[in-house]
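# only geometry, no sequence info:
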């Protein structure tokens, strides 16, 4: 199918002892009979069973006055250039970096050197993580975090040495650092090879695989519940000691009351109440996407006793000591999804004071905290972008912050084109093209930045300013 | 001008280097896979040497040594080769037997350069002397495999070597610059900073110009005796192909679809329009004759062209290969042009008149 005849390259990174060599040997065994060149770092572990193993010494070339974004790996240019001098084409190249290697220059080698770019295709960066020791490696230096940030695929390896709750926490942490990477849990790097090869991590056309669900950590609401409501009037009670509250905590939405400290004013809560067709994933996602748009709009203040209404208006409830009761008017029988900015106790009562239970609920991780130096900012926004504004913004952003933005990818809807604009960048180097048509699909923009010290608010407002008003 | 095909041969892999013996009787061809094959000038296969495990990178015949007074050693043909295995091997160019080896570590050995024989010896080192680059290390080797001198390591991997035509100094290139090492006291005569990687180095035969082909799509020229330098940028790609005409006037360069020929007489190429010799694809090899005016150029579209840059029109002949050329070697008397190909082919053309 693919017209791309270039030699695929997979980069394996990870701290020493994480299992890179194990994965390398699994790939080589699985690719038996194909001509694969292995480029190993000079400290490479012995026992790689392959005819063509080349040791490299990780030599950094700073092309432009020491600018990090123009840094490439000179040894790779030399070795990959030499590997082209053969009669028969190679089937693939695997590069195993040292545990301390920065993947940035490795990736940039494949974009900034025309000879390399013409002959090779960087397919993906696979980072192997030692589930037991990675937290410690995070503290030891920046390399492990950078390797997570650059990854297309993360193998959370040695899962047999860590308990399930710790694994869940670790996976969540990795996901917050790099929301675009696929994370797989492995023992001994045992994984189907199609999860680590031909992942198309740098393939523009595959950028459309960017799944908004993987970016869910970045919503500006924390909780949503779906209620099946008949037309009529209800009472929405926020917080614990509300007037209508009966002894039924366990039936309402209590989660998050104690383990969460809210940012901002505790006496304000932004909510939106949106109709939702069904509990099918596609309808829930449509409501969620609509909520994203609603939450980015101007809010309407709602005083205690004022009504909350369904529709695309963001309503800011005024609370007292974190509590408040609000009448809700439902004009037509149906399913409604209530989105709340914070994960707080939320109860809905019918006119007869009985509790109305939600039929489905979902929490959205809303990371206000910037405790990770390396993180992801995902933006999901319906609507159309202005091409020139977008171009100016991205160009300026990467020129200014390119050192800290390790990778970015996006699928964008640009006014005037019926095709998706797919976008892909490594530091300051970026590439964009119009890809497949939107067809009947809703025109939504999905953009993710992965980097160091990212300012979410700034990125979101910058992106929004590119929208066609 | 009479151009004829004299013979063809096929190696097992990409022809990564080729060299004529100083007497023009033997052509050595190295395949990227490893073996080195010796042919006679008429195309008879003489020997196939094992070369280097995992691949050979370069071959070079020692220059004919002018016998020192009282020295009655029989003249012998010495071929040096180097490769991925980190060694330099010396072979008898007639019998094809290995005569010595120098193991220089695990780094690839990619560059060899015999010191031009000029009659005067180097600090007690007997001619011939071979410079070999292994990673950041530059050594001078004797044909018995012994290390006559090891220079201070370069800051980065050595990417090109070129002896001054009179053998008094060797220029070495690495990412970030060029160093000129004196051949008598082994001191750095000059160090030139350059902000990118350098893929090729060449001296003009009169020793006036030192020229680098660079990764940043440019050619950089130094005039070491005049403390001047020039920068010619704007190439389509990195420049790896460089060759000077025998009279030091013309510098042919690759790095684009046209082979560019710069006039280096007088004040040099700056401000002069180069002669553009067109190809339909990226130029991959250029080579002037040793003592005559013909220039051979090759491009990735499999075409080889012969030019006489000072004539109008300059194009003399076009030859189409079955694969892109990898490298040229003119025989010492300039009558034979050996062309190696990227698919292992060898074509030897005869040029008369």
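Arrived safely, thanks for sending. A quick note: this is a predicted structure, and the numbers were derived from the prediction, not measured. Residues are numbered from 1 along each chain as shown, chains lettered A, B, ... in the order given.
# Report the buried residues of stretch B:318-335.
Neighbour-count burial for stretch B:318-335, counted by 16 or more other CB atoms under 10 Å in any protein chain shown, picks out B:319, B:321, B:323-332, B:334-335. For glycine as for every other residue, the C-beta is placed from the backbone atoms N, C-alpha and C.
# quick one: which of the residues you listed is nearest chain A?
Ranked by distance to chain A (CB to the nearest CB), the buried residues of stretch B:318-335 are led by residue B:326 at 7.3 Å.
# right, and that closest one touches residue B:284 too?
Yes - the criterion here is CB atoms under 8 Å, and residue B:326 meets it with residue B:284 at 7.3 Å.
# ok, back up a step: would CSV of the buried residues of stretch B:318-335 with distance to residue A:297 and secondary structure be doable?
Converted to CSV, the buried residues of stretch B:318-335 look like this (distance: CB to CB, whole Å; DSSP: H, G, I helix; E, B strand; the rest coil):
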residue, distance to residue A:297, secondary structure
B:319, 71, strand
B:321, 67, coil
B:323, 63, coil
B:324, 60, coil
B:325, 65, strand
B:326, 64, strand
B:327, 66, strand
B:328, 69, strand
B:329, 73, strand
B:330, 75, strand
B:331, 80, coil
B:332, 82, coil
B:334, 80, coil
B:335, 83, coil
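# okay, the residues you listed in a markdown table with pLDDT and distance to chain A next?
Listed next are those as a markdown table, based on pLDDT from 0 to 100; distance: CB to the nearest CB, whole Å:
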| residue | pLDDT | distance to chain A |
| --- | --- | --- |
| B:319 | 96 | 21 |
| B:321 | 96 | 14 |
| B:323 | 96 | 9 |
| B:324 | 97 | 11 |
| B:325 | 98 | 13 |
| B:326 | 98 | 7 |
| B:327 | 98 | 10 |
| B:328 | 98 | 16 |
| B:329 | 98 | 17 |
| B:330 | 98 | 22 |
| B:331 | 98 | 24 |
| B:332 | 97 | 26 |
| B:334 | 97 | 27 |
| B:335 | 97 | 28 |
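# can you list the domains in chain A?
Domain assignment for chain A by automatic domain parsing gives A:7-202, A:220-363, A:374-464.
# quick one: which of the ones you listed is nearest residue B:142?
Closest approach to residue B:142 among the domains of chain A is made by domain A:7-202 (27.6 Å; CB to CB).
# Quick one: end-to-end length of that closest one, please.
14 Å (CA to CA, to the nearest Å).
# that older thread, out of the domains of chain A, flag the one nearest chain B.
Per CB to the nearest CB, nearest to chain B of these: domain A:7-202, 4.5 Å.
# touching chain B at all, that closest one?
Yes - judged by CB under 8 Å from any CB of the partner chain, domain A:7-202 comes into contact with chain B at A:52, A:54-55, A:57, A:59, A:61, A:63-65, A:74-75, A:77-78, A:82, A:85-87, A:113-115.
# Could you tell me which of the residues you listed count as buried?
A:52, A:54-55, A:57, A:59, A:61, A:63, A:74-75, A:77-78, A:82, A:85-87, A:113, A:115.
# In chain A, what residue spans correspond to helices?
With DSSP state H as the criterion, chain A has helices at A:20-30, A:74-83, A:103-112, A:114-119, A:134-140, A:143-150, A:164-177, A:281-295, A:387-401, A:456-464.
# Pick out the shakiest of the ones you listed, pLDDT-wise.
In terms of mean pLDDT, the lowest-scoring of those is helix A:134-140 (a mean of 81).
# Tell me which other helices or strands that helix touches.
helix A:143-150 (3 or more CB pairs under 8 Å, 6 or more residues apart in numbering or on different chains; DSSP states H and E).
# rerun that using 10 Å as the cut-off
On a contact count with 3 or more CB pairs under 10 Å, 6 or more residues apart in numbering or on different chains; DSSP states H and E, helix A:134-140 meets strand A:120-130, helix A:143-150, helix A:164-177.
# Same question for that helix: list its buried residues.
A:134, A:137-138.
# what about it, distance to the chain center?
21 Å (CA atoms, centre = their mean, to the nearest Å).
# what's it in contact with?
Identification of contacts with helix A:134-140 by CB atoms under 10 Å, 6 or more residues apart in numbering or on different chains yields A:14-18, A:99-100, A:127-130, A:133, A:143-145, A:147-148, A:156-158, A:162, A:166, A:169-170, A:173-174, A:177, A:372-374.
# of the residues you listed, buried ones?
The buried subset of those - by 16+ other CB under 10 Å - is A:14-15, A:18, A:99-100, A:127-130, A:133, A:143-145, A:147-148, A:156-158, A:162, A:170, A:174, A:177, A:372-374.
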